[in-house]
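> need a 3D model of the sequence below.
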Amino acid sequence: MVPVDRFTAYVQQNGLFTAETPVIAAVSGGMDSVLLAHLLKAAGHTFGIAHCNFRLRGAEADTEQQFCHLLARQLEVPFYTTNFDTAAYAAEHRMSIQMAARELRYQWFEEVRIGHGYEAVALAHHQNDAIETILLNLTRGTGIAGLHGILPRNGHLVRPLLFMNREEIAATIAQEQLAYMEDSSNASTKYARNKLRHEVIPKLKELNPNLESTFERNLTHFRELERLLAQQVALAKQRIWHQQGNAVRLLISDIKTLEPQRLLMCELLKDHGFNDTTVDDLLASLDKHSGRSFASSTHRMVLDRDQVIITPLEKDEPHTVLINEGDTLLNWSDHQLSIEQVEANTPIIPDRDLAYVDADLLVYPLTIRSWQQGDTIVPLGMTGTKKLSNLFIDLKIPLHQKTRIPILVNGNQEVIWVAGHRMSDRYKLTGRTKKVVIFGINIKP
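Take a look at the predicted model:
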């Protein structure tokens, strides 16, 4: 029998929705979302089914759409569906197919929710999805917020299946003989999440067969720690954060009273685009480098005698541009960046305006931005890191030109290429390279 009691208890404990709340269930046709629909029905909730066809898998996607329509008829609930030209949307908005599909479906779910009078959108994420999200965040680099996994509620989005793991869902589906559709792309390990699902997590479960329940307990601790940190950040901001028009002033004497200093400063400054490395450099400079400047994608931070002043960047300063998987051409300041993926045996053309990068080492989205204080690189042919500020001195680049040099940054925040000058040794081609991404930079015509 489907676990109605556990489902209802989890919904109530997390305040997701009440028995009277109309809910729209996002159903792909896979076993997770199919079980969600059956649980909503068994628990007596008022709900409808919403299904997106992203037009990426031809007849397979059309069959899933028809299946979800039949499921809605079987459960005697309203059915809503739409078709997207996902590939065209991704190309138009210069983003990856995965990001485009995500953006399209959440926009449409919200339209259905508002347009048809539903109060929440129920998603079928479960415990294994939460584990995969945490591991992805840890792999790419994360703060405390990246450790809380998938939240039971995020605005109108609710996840009432987080009390179950994938094995429990599969066992329930088999026991109840519930029909579902299998997305063929789930078996591919070319996507990072699938690689974790099929290759990494099984190894972790060899070490701990109760991995899901262990992570669920850890998630509870992480979420409590996140709430505690948010309270401390709010108190610190109230005490030391002085807003004056568009500028923020922080007295150095106040910064020195923070404990733990680095963590609180990282949290205070993250909304202004400053990363952990910049905070480290700032703290190391408090007593000795008056006049030193740090730039993020949106703000500039200057040490001015006994205080730190944060102001928005001027409109004409170069900004940060995201690079999604599949992008081929984009503009940054007065430069144009071309991107091409080729086979590993493609001849290398020696050119300072080209960078040949091992595709498997890229974590999307990448960014192209200005140099920031604290940026480092492992120059090609070397083993140790070098600060870009020192690299610019070695290259005799004038101060006013530093922010005009495009810096290509990986999703894990490592510098890949100081365009036109130096590439990182960490991203060079090796005998193990299977695919190559060629980045080219030139001045816009």
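> host element of Q66?
Element membership for Q66 (DSSP states H and E) is helix 59-75.
> show me what that helix packs onto, helices and strands only.
Identification of packing neighbours for helix 59-75 by 3 or more Cβ pairs under 8 Å, 6 or more residues apart in numbering; DSSP states H and E yields helix 31-42, strand 47-53, strand 79-83. Yep, even glycine has a C-beta here, placed from its N, CA and C like the rest.
> could you say what helices and strands the last one packs with?
What that stands for is strand 79-83. Taking 3+ Cβ pairs under 8 Å, 6+ apart as the contact definition, the neighbouring helices and strands of strand 79-83 are strand 47-53, helix 59-75.
> tell me how far the first one is from the chain's mean position?
Strand 47-53 has its average C-alpha position 25 Å from the chain's average C-alpha position, going by Cα atoms, centre = their mean, to the nearest Å.
> could you do the last one as well?
Between the centre of helix 59-75 and the centre of its host chain there is 30 Å, according to Cα atoms, centre = their mean.
> quick one: T367 is in a helix?
No - counting by DSSP: H, G, I helix; E, B strand; the rest coil, T367 is not part of a helix but strand.
> tell me how far it lies from F84.
26 Å (Cβ to Cβ, to the nearest Å).
> repeat that for I323.
In this structure, I323 lies at 22 Å from F84, with Cβ to Cβ as the measure.
> now do the helices in the stretch 101-250 of the chain.
Using DSSP state H, counting those that start in this stretch, the helices found in the stretch 101-250 of the chain span residues 127-140, 166-176, 192-195, 201-207, 211-240.
> what about the helices and strands packed on helix 59-75, which gets the closest to E226?
Distance to E226, taken as Cβ to Cβ, is lowest for helix 31-42 among those, at 25.8 Å.
> mind giving me the packing neighbours of that closest one?
Applying 3+ Cβ pairs under 8 Å, 6+ apart, we find helix 31-42 packed against helix 4-13, strand 23-26, strand 47-53, helix 59-75, helix 166-176.
> out of the helices of the stretch 101-250 of the chain, which gets nearest to I150?
Relative to I150, the nearest member of the helices of the stretch 101-250 of the chain by Cβ to Cβ is helix 127-140, separated by 4.6 Å.
> chain center to the closest one: distance?
Here the centre of helix 127-140 is set off from its chain's centre by 11 Å, with Cα atoms, centre = their mean.
> renumber starting at 787 from here on
Sure thing, new numbering starts at 787, so read that last one as helix 913-926.
> quick one: buried residues of that helix?
When burial is assessed from 16 or more other Cβ atoms under 10 Å, helix 913-926 yields the following buried residues: Q913, N914, D915, A916, I917, E918, T919, I920, L921, L922, N923.
> the fourth one against G935, yeah?
It stands for A916. Yes - with contact defined as Cβ atoms under 8 Å, A916 counts as touching G935 (3.8 Å).
> list the residues that contact both of these two?
Counting by Cβ atoms under 8 Å, 6 or more residues apart in numbering, the common neighbours of A916 and G935 are F1001, L1005.
> identify the bridge partners of the residue nearest to H1028 when sequence neighbours are not counted.
The spatially closest residue to H1028, leaving aside those adjacent along the chain, is R1035, at 4.5 Å (Cβ to Cβ, 6 or more residues apart in numbering). For R1035, the residues forming beta bridges with it (DSSP bridges) are H1028, I1095.
> and the closest residue to R1078 other than its chain neighbours, how close does it get to F1080?
Ranked by Cβ to Cβ, 6+ apart and with sequence neighbours excluded, the top spatial neighbour of R1078 is L1089, at 4.8 Å. Between L1089 and F1080 the distance is 8 Å, computed by Cβ to Cβ.
> cool, I1229 as well?
Taking Cβ to Cβ as the criterion, I1229 is separated from F1080 by 27 Å.
> neighbour count for the two, which is higher?
The neighbour comparison of I1229 against F1080 (other Cβ atoms under 10 Å) goes to F1080, with 22 against 9.
> going along the chain, name the helices of the stretch 1087-1231 of the chain.
Listed in chain order, the helices of the stretch 1087-1231 of the chain (DSSP H, counting those that start in this stretch) span 1174-1180.
> what bits of it have low per-residue confidence?
Counting by pLDDT under 70, the stretch 1087-1231 of the chain contains low-confidence residues at 1100-1105, 1184-1186, 1230-1231.
> excluding sequence neighbours, find me the nearest residue to V1195.
What sits nearest to V1195 in space, not counting adjacent residues and going by Cβ to Cβ, 6+ apart, is T1153, at 4.7 Å.
> got it, and H855?
Distances taken as Cβ to Cβ, 6+ apart put F865 closest to H855, at 5.4 Å, once the chain neighbours are dropped.
> give me the neighbour count for that neighbour.
Other residues within reach of F865, judged by other Cβ under 10 Å, total 17.
> report the buried residues of the helix holding Q852.
Neighbour-count burial for helix 845-861, counted by 16+ other Cβ under 10 Å, picks out A847, E850, Q851, F853, C854, L857, A858, L861.
> want to throw the helices and strands packed on strand 865-869 into TSV with mean pLDDT and distance to F949?
Formatted as TSV, the entries for these read as follows, by pLDDT from 0 to 100; distance: least, Cβ to Cβ, whole Å:
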stretch	mean pLDDT	distance to F949
strand 833-839	97	18
helix 845-861	96	21
